[in-house]
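Enquirer: got a predicted structure here, sequence first:
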Amino acid sequence: MSNDFSQFQEAFFEEAGDHLAIVEEGLLALEQHPDDLDLLNKIFRSAHSIKGTSGMFGFNAVAQFTHKMETLLDLLRNGQKVVTLEIADLLLKSTDCLKTLIDAAKTGSPVDGDTVQRLTVELATASNTKVEASAPPSTPLPLTPNLSRCFHIAWTPPEWLFQRGLDPLQIFKELANLGTLSQVAVDTSKLPELVAMDPEKCYLAWTMKLETVKDRQVVDAVFEFVREDSKLVIEERESLSVKREAPESGRECEAFESGTKTASRETSAVDGAEPKPLGEILVESGIVSRETLDHALAQQKRVGQILIEQHAATPQQVEQALQKQKQQESASQSKKTDTASIRVDTAKIDKLINLVGELVITQSMLSDLGSRFEMSQISVLLERMAQLERNTREIQERVMGIRMLPIGTAFSRFPRLVRDLSAKAGKKIQLVLSGEETELDKTVIESIGDPLIHLVRNSADHGLEPPEERLDNNKPELGTIRLNAFHEGGNICITVEDDGRGLNRDKILAKAVKQGLIAENEKLSDDQIWPLIFKPGFSTAEKVTDVSGRGVGMDVVKRNIEGLGGTVSIKTALGKGTVFTLKLPLTLAIIEGMTVRVGKDTYIVPLLSILESIQPKAEVMKTVIGKGELINVRSTYLPMMRLYDVFCLQPEYTDPTKAILLILETEGERVAVMVDEILGQQQVVIKSMEQNFRKVAGVAGATILGDGTVGFILDVRGLLEMSRQSMLVAA
Amino acid sequence: MIKTALIVDDSPTMRQMVAFTLTNAGFNVLEAEDGKDAVTKVAGGPKINIVVTDLNMPKMDGISLIKELRKMAAFKFTPILMLTTESAADKKQAGKDAGATGWIVKPFNPEVMLKIIAKILPA
């Protein structure tokens, strides 16, 4: 039964994510408005929610850590502590730590135990509470022999018993369930005259005798909700065990609570908590000291090492096996995170259901028309068809809309990031967000997080100048980074803008020459120079800082964005600032494609990767030994691939001068692909090859064309790989 | 007769879990996301046999909700259970003063929850 809740885990992680965002956002805002009680309450509630819910799933590390945060937050909101910069900082760090703990609960990723411990201590210190070394396990209830015991109970409930929804009858029933209830006597001495009696009050008191095999605690627990407010004496008599005192008021609910604790311990045991290691048990029972244990453990060898020493395996074999183990681990981890869910506004679903209703009506109208169709009704038929098309298109849009989330979720982490960056770099930076409500596909949102972080870091570190330099240049001391999102055509644009020093043409050129990316006397336009910063290993930063400047980043940004079918462009003005514009498709499920024909087959080329199409003259064609066929496009030689060769088709043309060459580009590399004819441009829905068939080299996916046949979508990246390999083979 | 339980919690996950536990035990459930929502939903709604409420909630917290409910004739004697964390001893007292019947300590086990409900809910 305790395992039943596991189905709600996914919901918990999502909710926890929301709460973490609220906490983080709230803490950042709190730095500006330390006295905002509403804000504190909001943060507290979110932390409290995480604590309460995580406990339900046995994520005790999360619950315990959040409890520490909550304690401090409670002091803050009660005004017993004041929000200082240190406290805000500590809470922010703790939020990060909590994030890793929750991730750990979700995917089993490792947790930095030292950080957790350090922050736990810091939180406790800040709250002036002592840290109890990981809560001692509650002692199990003493086992008692199944002896029949006899309890004499005298109970005088409070007068307002009924007004709290309590019913003495329930208590008698519960007692009767425990054993034999006898000698029940009611004391009516307190009962007033009928006229003076309030029917909502309880004037009665009882004495009774209970014979049961159950423990004292069980009997106590029956009175759990009333004990504190009642006069209650429970005496154990005529039994073999030692007579015990009546409970003191301070001990209320103890029995009950230890009952719950045992229950929750069982839960965690079911969830896979492991028994304690031998060493821990030995230390706990005082047989060995902690130091002796640590020393012994340090001498312990890993199994791989032992096998190598015994010459049972070579170091290489062990290394390979370890690699394999690592792969399996990461595979099983990625499997764990695979089940993603999405929360959808009910309004969106209602609208969808409404539309499906309309679709059904249109369909029935059409089938009605079809059953008694006459040629004179052709106009009606066309009208119905148009209606059907409208319904279908709208449903398509709405269904896509379900996957759409406001980009604000991806932006929300930046206030924190910029705050930390500005502290680290010693610069004053303000972040301005706009267009947070712009919606785009959930997968895209998840994938643009890292590239955006790189860009923002880059702006903070390289783009913006230190305060003194800004003042010298007549700029405000406070630098600004703007993040903006907006729709443009069928795409979404995200800009990362700073008002810093701008890109330095000469520096970039010098660096590019030094790295051999361009020739020294090459003449380049600005638009050719700026993209150089996306080359791997490129960095003009004079010093490598903690934040950026190690030359990793910008090339990764470009690769990631292009992997999503998007583009990155740069606009910059020296001394004024730089704007990076990311252009992304709204969704990954549909692409804008160019349909092309090879023989009788139709292929789709992603529109974004097509640079141009040409019909070459014979003199630009060259066959170079070891490089295959090349084509000279405006004095650049590109490899040429005949698509019919790649997929073994029967083409219409084998002569490139009669066919069409598409110049495709991805990640800065180009290839010319030969096809028979360009048919047109259309949106296609991508169907996965792996899920429906198997992976095919050079094919990114498939789609159903207008005439019902299957068309394959070319994988430009894959084609480039293939052309490179065929060169190697030819060589 | 099928009994109806009102579940008040701002955490949807927690609410779902309580609802799941009670639905499996044969209850009808009515869910509310905070005290205010609960007050709105019980007005003119079905007869509620038991209330399970969280304490920390936005808009109207659990304590205020209990006080509000106890003022209504329909809830004068209705069992009201509060969901508390073990640490909140002062909250427990405040809840009792407001008129709560009893409490369930989070994290709870479904069996324990049902046992407590059986304890206070007349058959």
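Expert: It's in.
Enquirer: helices or strands up against the host helix or strand of A:Ser364?
Expert: Using DSSP states H and E, the element containing A:Ser364 is helix A:346-371. Under the contact criterion of 3 or more C-beta pairs under 8 Å, 6 or more residues apart in numbering or on different chains; DSSP states H and E, helix A:346-371 touches helix A:378-402. In this view, the C-beta of every residue, glycine as well, is placed from N, C-alpha and C.
Enquirer: shaky segments in chain B?
Expert: Low-confidence segments of chain B (pLDDT under 70): B:86-88, B:123.
Enquirer: burial count for whatever residue of it ends up closest to chain A?
Expert: Closest contact between chain B and chain A, by C-beta to the nearest C-beta, is at B:Pro107 (3.3 Å). The number of residues packed near B:Pro107 is 29, by other C-beta atoms under 10 Å in any protein chain shown.
Enquirer: what's the nearest residue to it if we skip its chain neighbours?
Expert: Nearest non-adjacent residue to B:Pro107, counting by C-beta to C-beta, 6 or more residues apart in numbering or on different chains: A:Gly55, 3.3 Å away.
Enquirer: what mean pLDDT does the one helix or strand that neighbour maps to have?
Expert: Here A:Gly55, judged by DSSP H and E, is contained in helix A:37-56. Mean pLDDT, computed over helix A:37-56, is 85.
Enquirer: which neighbouring elements make contact with it?
Expert: For helix A:37-56, the packing partners by 3+ C-beta pairs under 8 Å, 6+ apart come out as helix A:9-32, helix A:60-77, helix A:85-107, helix B:12-24, strand B:80-85, strand B:102-106.
Enquirer: if you set the cut-off to 7 Å instead, what comes out?
Expert: Contact partners of helix A:37-56 among helices and strands, from 3 or more C-beta pairs under 7 Å, 6 or more residues apart in numbering or on different chains; DSSP states H and E: helix A:9-32, helix A:60-77, helix B:12-24, strand B:102-106.
Enquirer: the residue lying farthest from the centre of chain A and chain B, how far apart?
Expert: Distance from the C-alpha centroid of chain A peaks at A:Glu193, with 67.7 Å (C-alpha atoms, centre = their mean). Here A:Glu193 is placed at a distance of 24 Å from chain B (C-beta to the nearest C-beta, to the nearest Å).
Enquirer: same question for A:Arg390.
Expert: Distance from A:Arg390 to chain B, by C-beta to the nearest C-beta: 36 Å.
Enquirer: and that residue, how many neighbours?
Expert: Count around A:Arg390 with other C-beta under 10 Å applied: 14.
Enquirer: tell me which residue in the stretch 1-150 of chain A sits closest to chain B.
Expert: A:Gly55 (3.3 Å).
Enquirer: so the residue of the stretch 451-600 of chain A found nearest chain B: helix, strand or coil?
Expert: As assessed by C-beta to the nearest C-beta, chain B sits closest to A:Thr587 within the stretch 451-600 of chain A, at 27.0 Å. Classification of A:Thr587 using DSSP: H, G, I helix; E, B strand; the rest coil returns coil.
Enquirer: quick one, grab the pLDDT at A:Leu388.
Expert: 91.
Enquirer: ah, wrong one, I meant A:Ser94
Expert: 87.
Enquirer: only C-alpha atoms, please: export stretch A:362-377 in CSV.
Expert: C-alpha atoms of stretch A:362-377 as CSV (Å, rounded to 0.1, in the frame of the first residue of the first chain):
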residue,chain,number,x,y,z
THR,A,362,-18.0,18.1,-40.2
GLN,A,363,-17.2,14.5,-40.8
SER,A,364,-20.9,13.4,-40.3
MET,A,365,-22.0,16.2,-42.6
LEU,A,366,-19.6,14.9,-45.2
SER,A,367,-20.6,11.2,-44.8
ASP,A,368,-24.3,12.3,-45.0
LEU,A,369,-23.5,14.2,-48.2
GLY,A,370,-21.6,11.2,-49.6
SER,A,371,-24.5,8.7,-49.1
ARG,A,372,-26.8,10.7,-51.4
PHE,A,373,-24.5,12.7,-53.5
GLU,A,374,-25.6,14.4,-56.8
MET,A,375,-23.4,16.4,-59.1
SER,A,376,-25.5,19.5,-58.4
GLN,A,377,-24.2,19.5,-54.9
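Enquirer: buried ones in that stretch?
Expert: A:362, A:366 (16 or more other C-beta atoms under 10 Å in any protein chain shown).
Enquirer: list the buried residues of stretch A:111-131.
Expert: Applying 16+ other C-beta under 10 Å to stretch A:111-131 flags A:116, A:119-120, A:122-124, A:126-127 as buried.
Enquirer: before we move on, what about stretch A:447-460?
Expert: Neighbour-count burial for stretch A:447-460 [16+ other C-beta under 10 Å]: A:447-448, A:451-460.
Enquirer: taking the residues you listed together, which two end up most distant?
Expert: A:Ser447 and A:Ala460 (21.8 Å; C-beta to C-beta).
Enquirer: now A:Ser379: how far from A:Thr636?
Expert: Note on A:Ser379: its distance to A:Thr636, by C-beta to C-beta, to the nearest Å, is 56 Å.
Enquirer: check A:Thr125 too.
Expert: 65 Å.
Enquirer: now the helices for the stretch 601-731 of chain A?
Expert: Along the stretch 601-731 of chain A, counting by DSSP state H, counting those that start in this stretch, helices occupy A:643-647, A:689-692, A:716-730.
Enquirer: and the residue lying closest to A:Phe693 once chain neighbours are set aside, what does it touch?
Expert: The shortest distance from A:Phe693 to any non-neighbouring residue, by C-beta to C-beta, 6+ apart, is to A:Ala702 (7.8 Å). By C-beta atoms under 7 Å, 6 or more residues apart in numbering or on different chains, the residues touching A:Ala702 are A:687, A:689, A:710-713.
Enquirer: picking that back up, quick check: phi and psi at the residue of chain B closest to chain A.
Expert: B:Pro107 adopts backbone torsions of phi -70, psi 140, taken as degrees, to the nearest 10.
Enquirer: can you count the residues close to A:Glu31?
Expert: Using other C-beta under 10 Å, A:Glu31 has 14 other residues around it.
Enquirer: so it sits against A:Ala88, correct?
Expert: Yes. The criterion here is C-beta atoms under 7 Å, and A:Glu31 meets it with A:Ala88 at 5.1 Å.
Enquirer: quick check: residues of chain B near chain A?
Expert: B:10-14, B:16-17, B:56, B:58, B:77-80, B:85-87, B:99-102, B:105-112, B:119-120, B:122 (C-beta under 7 Å from any C-beta of the partner chain).
Enquirer: again, only this time at 6 Å
Expert: B:11, B:13-14, B:16-17, B:56, B:77-80, B:85, B:99, B:101-102, B:105-107, B:109-112, B:119-120, B:122 (C-beta under 6 Å from any C-beta of the partner chain).
Enquirer: was I right to think B:Ile104 contacts B:Ile80?
Expert: No. If you go by C-beta atoms under 6 Å, B:Ile104 and B:Ile80 don't touch, sitting 11.2 Å apart.
Enquirer: I am finished for the moment; much appreciated.
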